[in-house]
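Enquirer: compute the structure for the input listed below.
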Amino acid sequence: MAEPNKIIMLDEGWSTINQGITKLINILEKIPGESQFDSNKIHERYEETFENYLRSRFLPAIHEKHGVFMMREFVERWSRHNVMVRWLSRFFYYLDRYYIARGSLPKLEDTGINCFHIIVHESLKVQVTNVVITLINRERDGDEIDRTMLKNALENFDGGLDCYVDDFETAFLNDTADYCSRKASLWIQEDSCPEYMIKAEELLKREKHSVSNYLHSSTEEKLLEKVQHHLLLDNAQLFEKEHSGCHGDDKTEDLERMYRLFYNIRNGLDPISTAFKQHVTSEVTTKNKDKVAVAMQEQAFVRRVIELHGKYYAYVYVTISFKKDNLFHKALKEAFEVFCNKKVGDSLVAELLSTFSDGILGKVGAMRNWVMMPLRKPLTRLYACFLLDDKDLFAGFCKKKLARRLLFDKNSTDDDHERSFLSKLKQQYGAQFTSKMEGMINDLEIASDTQNIYKVDYTNKYDYTSNDIDFNVTIKKNRKLTFLYSMGSCNGTGKFQKKPIELIVSTHQAVVLKDSFSLNVEFTDKMRRIKIPLPPVDEKKNVIEDVDKDRRYTIDASIVRIMKARKVLQYNNLVTACVEQLSRMFKPYFKSIKKRNTDLISREFLEREEGSPNTVGYLA
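Expert: Residues are numbered from 1 along each chain as shown. Here you go, the predicted model:
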């Protein structure tokens, strides 16, 4: 083997090569005593050549430099080494093709690469990894770097994927976690949530590009997971900041960005939906609290809530911010459920809703024009945003209002519009909710036909032609007839000096006016029709009492229905099954179920199992 720095002249070199050629000729001519080439010894000498070159030339040149200059020298010499490996493999092609395979020795090209990893890579891997990570961080902060040099340096780790992962990727991912944590801490202090999200999105894009530019493709998923975790998931306090975008500040673009960033993270949207729900609940409650305190009219209050629901509905459904995600559908629904099942001032939300719908339907009926969007639109959206636990209480108020519209203010009622309204309620709450109200409208139609027949028959039979009194009675088929004086009305004319004024009074008031009174003939008013109000009646109290009574029967029926099917049941399981059944109409209290259960036992519908007081049995 020639010394590394010695120059071999042509004649001397050819003499050495000629010895090998002569040996090959003698072997081919089968000259006695001539031995075959010793491929093992040639392979050893080949390997020694690489080891000597790497130790005497490669490593000393690298150790002379530091940082980027070391990296540049390393990449240059790595490139030269690959050229050397390829050329020597070609020089010894015959050896590689015929003798290496027979002797089960490593291929010559693999030998050159293996020597590099054993001698150079093991010596420089930590130093190279640190420089690579430093350069990547500089690029993250906006500096220009030599990406080609970086890519070539990482080829040094091509001793297999395990080598790449163990010697570079693990350290790189740990540094990425630290880098993202530092950036997150800084951005949270300096930036608003939208500004933070813009920076986070830009960083994620750069990390993706780094994979395509110089990192192994297998790194992408692990790298993005690190960035998402330390920039986004670990910083849920972002959503509590003012103008976060979750707070519905009319910044659709910010919401879209937030959705994009968290959508592909496992459970990533949970903190956003939670913050969204908390904000909606807070805003709906806060923005209406002061107005209710100053006795704001029910119509204006409900309209305000509808407007707020429409605003957030647009975020969740209309725009692409949350792409109709079920998680945000649930958050919006639960937010309004929290609000709608609290008392608003001294009023129940169920009462406010019924008053609002009553006012709208009265106007619609009076105008006879259902196509008027300003009146129809609020009703269309009303029950999507008001989600009541006590639907039966709302139904009780609605029935009272409907009865008043049908009986007391018939001129302002249109049956088609009422049926359309009930159809929407049925879609929202089910047929059980509207069955009684639909029956009321059907009864009124039958009553109207009956009254028309009565009038015709009566006038024909008695030759009645007087028009002094027009008398109408609303009756129902197969019903017990009770005269509802409070629902009756009478129109009379007061003949005053300046002008006649029509007086609208109740039945009781009309009876009183049959007596003799001294009349102020000089009385006048700018109105030609005056409605004399009735004394105030606590309608809310009556409705609540009626609903409570109905609930007792409903709970009884539910318990009996469950026990008839199950025969014997643990009390706690009975309560759970009962709540599940009843929650479609109202939210039952455990205390009420317990009381009704005790009452059914006393009435011998049920019995306590002997020896097991917490078990209930059905008495057939």
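
Enquirer: over to Thr482: give its phi and psi.
Expert: Thr482 adopts backbone torsions of phi -130, psi 130, taken as degrees, to the nearest 10.

Enquirer: mind listing the strands for the stretch 201-350 of the chain?
Expert: 343-344, 347-348 (DSSP state E, counting those that start in this stretch).

Enquirer: what's the most buried one of these?
Expert: Greatest average neighbour count among the strands of the stretch 201-350 of the chain goes to strand 347-348 (a mean of 18), per mean count of other C-beta atoms under 10 Å. Where C-beta positions appear, they are placed from N, C-alpha and C, glycine not excepted.

Enquirer: what strands flank that one, and is each parallel or antiparallel?
Expert: Strand pairing for strand 347-348, determined by DSSP bridges: strand 343-344 (antiparallel).

Enquirer: check the offset of the partner strand from the chain's centre.
Expert: The chain centroid and the centroid of strand 343-344 are separated by 27 Å, computed with C-alpha atoms, centre = their mean, to the nearest Å.

Enquirer: pLDDT of it, averaged?
Expert: Averaged across strand 343-344, pLDDT comes to 72.

Enquirer: also stretch 354-371?
Expert: Stretch 354-371 comes out at a mean pLDDT of 66.

Enquirer: with stretch 67-85 instead?
Expert: 88.

Enquirer: restricting to C-alpha, output it in PDB.
Expert: Provided in PDB are the C-alpha atoms of stretch 67-85 (Å, rounded to 0.1, in the frame of the first residue of the first chain):
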ATOM      1  CA  GLY A  67     -20.600  26.500  13.100                       C
ATOM      2  CA  VAL A  68     -21.800  27.200   9.600                       C
ATOM      3  CA  PHE A  69     -18.200  27.000   8.300                       C
ATOM      4  CA  MET A  70     -17.900  23.500   9.700                       C
ATOM      5  CA  MET A  71     -21.200  22.600   8.100                       C
ATOM      6  CA  ARG A  72     -20.100  23.800   4.800                       C
ATOM      7  CA  GLU A  73     -16.800  21.900   4.900                       C
ATOM      8  CA  PHE A  74     -18.700  18.800   6.100                       C
ATOM      9  CA  VAL A  75     -21.100  18.900   3.200                       C
ATOM     10  CA  GLU A  76     -18.400  19.500   0.700                       C
ATOM     11  CA  ARG A  77     -16.300  16.600   1.900                       C
ATOM     12  CA  TRP A  78     -19.400  14.400   2.200                       C
ATOM     13  CA  SER A  79     -20.000  15.100  -1.500                       C
ATOM     14  CA  ARG A  80     -16.300  14.200  -2.300                       C
ATOM     15  CA  HIS A  81     -16.600  11.000  -0.300                       C
ATOM     16  CA  ASN A  82     -19.600   9.900  -2.300                       C
ATOM     17  CA  VAL A  83     -17.700  10.500  -5.500                       C
ATOM     18  CA  MET A  84     -14.800   8.500  -4.200                       C
ATOM     19  CA  VAL A  85     -17.100   5.600  -3.300                       C
END
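
Enquirer: list the buried residues in it.
Expert: 70-75, 77-78, 81-82, 84-85 (16 or more other C-beta atoms under 10 Å).

Enquirer: once you drop chain neighbours, what's closest to Asn213?
Expert: Of all residues not flanking Asn213 in the chain, Arg147 sits nearest, at 5.0 Å (C-beta to C-beta, 6 or more residues apart in numbering).

Enquirer: who are the contact partners of that neighbour?
Expert: 139, 213-214 (C-beta atoms under 8 Å, 6 or more residues apart in numbering).

Enquirer: rerun at 10 Å
Expert: By C-beta atoms under 10 Å, 6 or more residues apart in numbering, Arg147 lies in contact with 135-136, 139, 209-210, 213-214.

Enquirer: of the strands of the stretch 201-350 of the chain, which is nearest His117?
Expert: Closest to His117 of these is strand 343-344 (C-beta to C-beta; 74.9 Å).

Enquirer: these two touch, right, Thr129 and Ala171?
Expert: Yes: at 5.4 Å, Thr129 counts as touching Ala171 under the criterion of C-beta atoms under 10 Å.

Enquirer: settle it for me: which of those two has more neighbours?
Expert: Just comparing Thr129 and Ala171: by other C-beta atoms under 10 Å the higher neighbour count belongs to Thr129, 21 against 16.

Enquirer: which neighbouring elements make contact with the host helix or strand of that one?
Expert: Counting by DSSP states H and E, the element that carries Thr129 is helix 122-140. With contacts taken as 3 or more C-beta pairs under 10 Å, 6 or more residues apart in numbering; DSSP states H and E, helix 122-140 sits against helix 59-63, helix 67-91, helix 147-154, helix 170-190, helix 193-213.

Enquirer: tell me the mean pLDDT for it?
Expert: 91.

Enquirer: how about Val85, what does it touch?
Expert: Each residue near Val85 by C-beta under 10 Å, 6+ apart is listed here: 50, 108-113, 115-116.
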